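> When you get a sec, could you give me coordinates for this:
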Amino acid sequence: MSRAARDTEDVPASFVVVPQWQGSGSSRAMRLADGAEAIRGDLPASATRVVDVPVEAGESLGTGVLRYASLLAVRTRQEAALQAASASGSGPVVTVGGDCGVEIAAIGHAAAAYPGLAVVWLDAHADLNSPASSPTGAFHGMVLRAVIGEGVDGLELPAGAVTADRVVLAGVRALDDAESDLVDSRGIALLGVDAMTPEALVAAVTATGATDVYVHVDLDVLDPGGMSGVGHPEPFGLDVQAVTESIKALRRSFGLAGAGITEFAPSSPRPPWTTWAPSFGSSGR
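Presented below is the predicted three-dimensional model:
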């Protein structure tokens, strides 16, 4: 059993809510703050911290990343909230977005506590663009590239904090050409929708050699027929049960170093948070 599994088994999670919208390139970006608030309503108030997000969009400052200044400010505030959450409890910290850009601070925090962790990226998109390859300049499409140490100053993790061979893409079905090339050249594991079973996901993480895992969930990993409240829906996605069972399987097999739920921009019914919360809050062992 990994250190994270020993330390977090049956220990309630803490939550950091980050209603950031500045990393999104969607016309629905402003609704992400509403989505974060909707999810917060289901969380225990005593175990939840909310990060203050600037009202203004923020300038790019020549970085090629839209709204860079605001994203940098949020990262600093979020890191403080994550540290406070970890100091006040021994369970995993679950980050609630907001756009996927909130994961740069969250995964950085987890990687510092659990060196060598794997990152499972449950998302319709790989989010592996760079400022040079991104068609929009939106950071939520670059965040995983920044996680593996290739981003702009202030919005990247140190080289080696998370290596490409410890990333598992799951449910991804919309990649740009540059992202596909990167997946191939770096040997990043990819489980498409048809291949995504709990057993296959556990096997892919096991193959990385990691004993602890950070689980990222972008709600657009779900089929839009069951989840319409996202900014960039992609057809032929996973259903809620498949994601739920995959999370439970990961919790039975690995320590949970942290998790994130992102990109809820409500126009749909309430998200499947009440189904996933127990899976993140205890190990299921």
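> can you tell me which residues contact the residue nearest to G101 when sequence neighbours are not counted?
With sequence-adjacent residues excluded and distances taken as Cβ to Cβ, 6 or more residues apart in numbering, G101 is closest to G23, at 2.9 Å. Any C-beta I mention is one placed from the backbone N, CA and C, and that applies to glycine too. Contact analysis of G23 by Cβ atoms under 8 Å, 6 or more residues apart in numbering lists 67, 71, 98-102, 138-140, 143.
> which ones among those are found in helices?
Counting by DSSP state H, the contacts of G23 place 71, 143 in helices.
> Just among the contacts of G23, which is most surrounded?
H140 (35 neighbours; other Cβ atoms under 10 Å).
> so who does it touch?
Per Cβ under 8 Å, 6+ apart, neighbours of H140: 23-25, 99-101, 127, 263.
> Scan the helices and strands of this structure for the one with the lowest mean pLDDT.
helix 3-8 (a mean of 47; mean pLDDT, DSSP states H and E).
> phi, psi of the spatially most central residue of the chain?
Taking Cα atoms, centre = their mean, the centroid of the chain lies closest to H216, which sits 3.1 Å from it. The phi/psi pair for H216 (degrees, to the nearest 10) reads phi -100, psi 130.
> Return the distance of it relative to L201.
13 Å (Cβ to Cβ, to the nearest Å).
> What of S133?
27 Å.
> follow-up on the earlier one: okay, now the sheet partners of the helix or strand just after the least confident helix or strand of the chain, with direction.
Once the chain leaves helix 3-8, the next helix or strand it forms, by DSSP states H and E, is strand 14-18. Here strand 14-18 has these sheet partners by DSSP bridges: strand 48-50 (parallel), strand 93-97 (parallel).
> Turn those strands into CSV, including distance to H109.
As requested, those are exported to CSV (distance: least, Cβ to Cβ, whole Å):
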stretch, distance to H109
strand 48-50, 13
strand 93-97, 7
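> Would you mind finding the most buried of those?
Mean neighbour count (mean count of other Cβ atoms under 10 Å) peaks for strand 93-97 among the strands paired with strand 14-18, with a mean of 29.
> Return the residues in contact with the residue nearest to S86 when sequence neighbours are not counted.
In space, and not counting its chain neighbours, S86 is closest to V93: 6.0 Å by Cβ to Cβ, 6+ apart. By Cβ under 8 Å, 6+ apart, the residues touching V93 are 13-16, 82, 85-86, 106, 109-110, 258.
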